[in-house]
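J.: 3D model of this:
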Amino acid sequence: MPYDFNTGGSNQITATELVVSMYDEVETGFYDALYPEILWRTVLPQESIKTNLNPGAQNYVYRSRDTKGIGQFVNGDPANIPRVGQVVGQVTVPILDAAVGATLTDSEARRSQFALQTALAQDYGEIMKKAAEYHIERTFFYGNAAVKFESFLDYPTVTKTSVSSGIWDPAEPGQMVADINAMLTEIWTGSKTIHLPDTIFLPPAQFSMLTTAYVIGAATAGVAISALEYVRKNNIYTANTGKDLNIKSLRYLEGAGVEGANRAIAMEWQPRNYVMPFPMPYQLTQPVPIPLGVDMFAEYIFGSFNIRYPKAMIYSDGL
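T.: Residues are numbered from 1 along each chain as shown. Predicted coordinates:
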């Protein structure tokens, strides 16, 4: 606790306390409060985050096209020749300006400089940048219906299923492996093999179960294989490509499903399938003078998460 140098009544201190306080060694830095890692940039291919856009745009628009028609036997009659065609459309993704600010008074700056040996203006700039990232993080994962931003965790056109075997049990590793392979198969066959899923996201607790459960042999070194290791190599993606399935934990999936169930996500992690407009990253603007201080502001511009091909992704609840 801090020393109280009042000399009257019960607050009177002893000489010993005074000597101890004189010889305290105070570190110049701080131990900052710890916060979870920002994850929105890690669940999408980098190429899906569109940064080369006009920062003045209010929407990101991409065109879609579908073709129709098939050849047939004509039996010598030109009237039997079928005609092909195409349907062209477009998808509009909203983009909005965002900002964050702070008020820095001269007295606060002085106290930080002389008492704490820190530059408060720099500290506030870093805090504002972190606040902007938290805003993007929350909006990306949970969406914002008021401004028509869709949620990565609950995109409306993505298929929702439930694991067939119910809540995972660490004592049943085969159950976990079967549920993961069922998700991959649903995407692959449901898209007529157009999309080959290569990535699984799981809640942290379920990811941990995969690492400790054994599916082959006894739990002895060199004999047993964890469910995680097994399913990485025994799945349709690996069978088709020779590459290991990518399995990651994602803390937001805990309770993200219908009625609070745990949710897993399987997806084909390809840039063509997803887009996230991000025309302008965090930018600190010029401080605005106020009486005995300044107002600090920063702005950034981003758009809604969008899935171009909804069958490239699937949600599975209840694990």
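
J.: On the pLDDT front, check residue 280 for me.
T.: For residue 280, the pLDDT comes out at 95.

J.: gap between it and residue 182?
T.: According to Cβ to Cβ, to the nearest Å, residue 280 and residue 182 sit 41 Å apart. Where C-beta positions appear, they are placed from N, C-alpha and C, glycine not excepted.

J.: Enumerate every residue touching the residue nearest to residue 309 when sequence neighbours are not counted.
T.: Distance criterion Cβ to Cβ, 6 or more residues apart in numbering; nearest residue to residue 309, sequence neighbours excluded, is residue 273 at 4.8 Å. Applying Cβ atoms under 8 Å, 6 or more residues apart in numbering, one finds that residue 273 lies in contact with 48, 195, 267, 307-309, 312-313.

J.: Recalculate using a threshold of 6 Å.
T.: Contact criterion Cβ atoms under 6 Å, 6 or more residues apart in numbering gives 308-309, 312 as the residues in contact with residue 273.

J.: Name the nearest of the residues you listed relative to residue 154.
T.: Using Cβ to Cβ, residue 312 comes nearest to residue 154 of those, at 16.1 Å.

J.: Residue 253 against residue 261, yeah?
T.: No: with contact defined as Cβ atoms under 6 Å, residue 253 does not reach residue 261; the gap is 10.1 Å.

J.: Look at the two and report which has more neighbours.
T.: Legend: neighbour count by other Cβ atoms under 10 Å for residue 253 and residue 261, higher for residue 253 (24 against 16).

J.: Of the contacts of residue 273 - the most surrounded one?
T.: Counting neighbours by other Cβ under 10 Å, residue 312 leads the contacts of residue 273 with 22 neighbours.

J.: could the contacts of residue 273 go into JSON lines alongside pLDDT and distance to residue 235?
T.: Listed next are those as JSON lines, based on pLDDT from 0 to 100; distance: Cβ to Cβ, whole Å:
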{"residue": "308", "pLDDT": "94", "distance to residue 235": "24"}
{"residue": "309", "pLDDT": "94", "distance to residue 235": "21"}
{"residue": "312", "pLDDT": "96", "distance to residue 235": "16"}
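
J.: Would you agree residue 275 is in contact with residue 306?
T.: Yes: assessed by Cβ under 6 Å, residue 275 is found in contact with residue 306 at 4.9 Å.

J.: check contacts around the closest residue to residue 277 other than its chain neighbours.
T.: Spatially, and ignoring its direct neighbours in sequence, residue 277 is nearest to residue 303 (3.2 Å; Cβ to Cβ, 6+ apart). Contacts here follow Cβ under 6 Å, 6+ apart; on that basis residue 303 touches 60, 93-95, 277.

J.: so how far is residue 214 from residue 303?
T.: When residue 303 is compared with residue 214 (using Cβ to Cβ), they lie 45 Å apart.

J.: Same question for the longest helix along the chain: list its buried residues.
T.: The residue-count maximum for a helix in the chain (DSSP state H) belongs to helix 120-142. Across helix 120-142, burial judged by 16 or more other Cβ atoms under 10 Å covers 120-121, 124-125, 128-129, 132, 135-137, 139-142.

J.: Return the member of those nearest to residue 172.
T.: Nearest to residue 172 among the buried residues of helix 120-142 is residue 141, at 29.8 Å by Cβ to Cβ.

J.: any idea of the mean pLDDT in stretch 157-167?
T.: Mean predicted lDDT for stretch 157-167 stands at 88.

J.: Quick check: end-to-end length of that stretch?
T.: End-to-end distance for stretch 157-167, by Cα to Cα, to the nearest Å: 25 Å.

J.: Touching it from outside, list them.
T.: Residues outside stretch 157-167 that contact it (Cβ under 6 Å, 6+ apart): 175, 179, 310, 313-319.

J.: Go through it and flag the buried ones.
T.: Residues of stretch 157-167 classed as buried: 158, 161, 163, 165 (neighbour count, 16+ other Cβ under 10 Å).

J.: likewise stretch 179-197?
T.: Buried residues in stretch 179-197, counted by 16+ other Cβ under 10 Å: 179-184, 186-188, 191, 195-197.

J.: So which of these is the closest to residue 66?
T.: For the buried residues of stretch 179-197, the nearest to residue 66 is residue 191 (14.6 Å; Cβ to Cβ).

J.: Any figure for the gap between the residue nearest to residue 277 and residue 94?
T.: In terms of Cβ to Cβ, residue 303 sits 6 Å off from residue 94.
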